[in-house]
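*Asks:* kindly return the folded structure for what I paste below:
(one chain, ligands or ions: 2)
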Amino acid sequence: MRITDVVVTPIAFPDPPLLNSVGVHEPWVLRTVVEVRTDAGLTGLGETYGDIGHLNRVRAAAPALTGLDVHDLNGIRARVSTALGGQAGSDRHGLTGQLTVESTVDRVFSPFEVATWDIRGKALDRPVVDLLGGAVRDAVPYSAYLFYKWAGHPGAEPDEWGAALDADGVVAQARELTGRHGFRSIKLKGGVLPPDEEVAAIRALREAFPDHPLRLDPNAAWSPTTGLKVAHELDGVLEYLEDPSPEIEGMAEVAAGSPLPLATNMCTIAFEHLAPSVAAGAVQVVLSDHHYWGGLARSKELAAICRTFGVGLSMHSNSHLGISLAAMTHLAAATPNLDYACDTHYPWNSAWDVLTEPLSFVDGALPVPTGPGLGVELDRDKLAARAEDYRRCGIVQRDDTGYMRTIDPGYERRRPRW
Ligand code: GKR
Ligand code: MG
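*Replies:* Ligands and ions are numbered 1, 2, ... in the order given. I've put the predicted structure just below:
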């Protein structure tokens, strides 16, 4: 089966004003949908970031794949690498680790790689999870991903979620998300308020949800001293503390005295980072993410490395739609040592999905799609609508800090902040 054509469609969809350590989500999320077509008449889907630099790299790589066999992942990755000409990207998509030439290839290769699994699954009439080694779970647990947020974007009507700017608001949001989707784990995006207030919010969550594993992720907004202080305060309360402090060195400093395991999707985000990260004892849980670890097969390599070195494995998310969620779910279902509930932003954006049938959580878990390939179908009218949203939204690059500054001109991006 040979690739005849690749269609790359940038899309945008609405997003609530979710706060994080570098600002606030803009009213639109940018993503890119990739369709890989073959001479067998089968088409595979992939979804990736939408920032302009990345989009241009995806667009540059796409035509280079024509004529390749969909089974030839090494050949496809090599063509992507050549098409990129040895350039390291600079768009971070909310990450902070060093971006290298190799990791840039991985990010661009990923949506094409996912599409080839979709095609191969369709050709064999088997779900992708079967091709990845078989399901070790029929449904993949996800966590309720809480954010401090304003009631609505400035100047717009309040959204359906309302404000969450203190412990009560956070607990109310957790009740809403767990009520709607049945999530049994909870993650709070921190790095927004002074650490004491975020610790109070976690304590309030613990009281309201005595049995739910809890996590806090300040996205490296704290110095190692602050990170250590919080780790001791929340000992016995959190299942892990995510990215308290910047870089491998900062994380290692916290880890050396922390009673809690530390997790990351910031300091260990490429294969090059694994050896130094393990050597420094910087992280106990790596958050995998096929969008930047180079697709599903390379994410399984990551899982094997983590297993080898006794490092735990969880799963990271950024704002995304259902093609990504389906791929995440097949991967997680086929990865035995992925034993934490995965992160997902999907509940914040699912109303705008481009699938004919948006995906639904059951008791906090996503049943692994059973149809051939990824088991999801693109709705062309919805795709066209989101592509039109992209053209008219006026944003080509995610900029949480820039948007925050339009509302609070004195806002500064600082890492660490506390
Ligand atoms: O959506 O604001 C956000 C998150 O902060 C995202 O950008 C992070 O990459 O969710 C991510 C995380 O776990 O750090
Ligand atoms: Mg994180």
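
*Asks:* and the stretch 251-400 of the chain, which residues reach ligand 1?
*Replies:* Proximity of the stretch 251-400 of the chain to ligand 1 (CB under 6 Å from any ligand atom) is limited to residues 265, 316-319, 343. Every C-beta, even on glycine, is put in place using the N, C-alpha and C of the backbone.

*Asks:* max pairwise distance over these: which two?
*Replies:* Largest separation among those by CB to CB: 265 and 319, giving 13.9 Å.

*Asks:* higher neighbour count, the two?
*Replies:* residue 265 (27 against 23; other CB atoms under 10 Å).

*Asks:* surely that one touches residue 289?
*Replies:* Yes. Shown here, residue 265 and residue 289 form a contact pair, counting by CB atoms under 8 Å, at 6.4 Å.

*Asks:* returning to that earlier point: go through the residues of the stretch 251-400 of the chain next to ligand 1 and name the one nearest residue 179.
*Replies:* Lowest distance from residue 179 to those (CB to CB) belongs to residue 343, with 19.0 Å.

*Asks:* next one, pLDDT for the closest residue to the closest one other than its chain neighbours please.
*Replies:* Using CB to CB, 6 or more residues apart in numbering and skipping the chain neighbours, the partner closest in space to residue 343 is residue 317 (4.3 Å). The per-residue pLDDT reported for residue 317 equals 97.

*Asks:* anything in contact with each of residue 265 and residue 289?
*Replies:* Common neighbours of residue 265 and residue 289 (criterion: CB atoms under 8 Å, 6 or more residues apart in numbering): residue 316.

*Asks:* wait, what's in contact with the spatially most central residue of the chain?
*Replies:* Taking CA atoms, centre = their mean, the centroid of the chain lies closest to residue 317, which sits 1.7 Å from it. By CB under 8 Å, 6+ apart, the contact set of residue 317 is 145, 289, 324, 328, 342-346.

*Asks:* please tell me how far it sits from ligand 2.
*Replies:* 9 Å (CB to the ion, to the nearest Å).

*Asks:* go on, residue 218?
*Replies:* Counting by CB to the ion, the gap from residue 218 to ligand 2 is 9 Å.

*Asks:* tell me how many other residues crowd that residue.
*Replies:* 27.

*Asks:* that one against residue 193, yeah?
*Replies:* No. Judged on CB under 8 Å, residue 218 makes no contact with residue 193 at a distance of 9.6 Å.

*Asks:* show me where the stretch 101-250 of the chain has helices.
*Replies:* Using DSSP state H, counting those that start in this stretch, the helices of the stretch 101-250 of the chain run over 101-124, 128-131, 167-181, 195-208, 224-233, 247-257.

*Asks:* just those: most buried one?
*Replies:* helix 101-124 (a mean of 24; mean count of other CB atoms under 10 Å).

*Asks:* gap between the closest residue to residue 20 other than its chain neighbours and ligand 1?
*Replies:* Counting by CB to CB, 6+ apart, the nearest residue to residue 20 once its immediate chain neighbours are dropped is residue 189, at 5.6 Å. For residue 189, the distance to ligand 1 equals 5 Å [CB to the nearest ligand atom, to the nearest Å].

*Asks:* what do you get for residue 347?
*Replies:* 12 Å.

*Asks:* what about that residue, how many neighbours?
*Replies:* Count around residue 347 with other CB under 10 Å applied: 17.

*Asks:* cool, residue 382 as well?
*Replies:* 18.

*Asks:* element containing it, please.
*Replies:* Using DSSP states H and E, residue 382 sits within helix 380-393.

*Asks:* elements contacting the following helix or strand past that helix?
*Replies:* Sequence-wise, the next helix or strand downstream of helix 380-393 (DSSP H and E) is helix 400-407. For helix 400-407, the packing partners by 3 or more CB pairs under 8 Å, 6 or more residues apart in numbering; DSSP states H and E come out as strand 23-24.

*Asks:* check whether the strand it packs on contacts ligand 1.
*Replies:* No. Counting by CB under 6 Å from any ligand atom, ligand 1 is not contacted by strand 23-24; separation bottoms out at 8.6 Å.

*Asks:* likewise stretch 194-206?
*Replies:* No. Stretch 194-206 lies apart from ligand 1 when judged by CB under 6 Å from any ligand atom; the minimum separation is 13.8 Å.

*Asks:* just the CA coordinates for that stretch, please, in PDB.
*Replies:* C-alpha atoms of stretch 194-206 as PDB (Å, rounded to 0.1, in the frame of the first residue of the first chain):
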ATOM      1  CA  PRO A 194       0.600  31.600  45.100                       C
ATOM      2  CA  PRO A 195       1.600  28.000  46.100                       C
ATOM      3  CA  ASP A 196      -0.200  28.200  49.500                       C
ATOM      4  CA  GLU A 197      -3.500  28.800  47.700                       C
ATOM      5  CA  GLU A 198      -2.900  25.900  45.400                       C
ATOM      6  CA  VAL A 199      -2.100  23.700  48.300                       C
ATOM      7  CA  ALA A 200      -5.400  24.800  49.900                       C
ATOM      8  CA  ALA A 201      -7.200  23.900  46.700                       C
ATOM      9  CA  ILE A 202      -5.700  20.400  46.800                       C
ATOM     10  CA  ARG A 203      -6.600  20.000  50.400                       C
ATOM     11  CA  ALA A 204     -10.200  21.000  49.600                       C
ATOM     12  CA  LEU A 205     -10.200  18.500  46.700                       C
ATOM     13  CA  ARG A 206      -9.000  15.800  49.100                       C
END
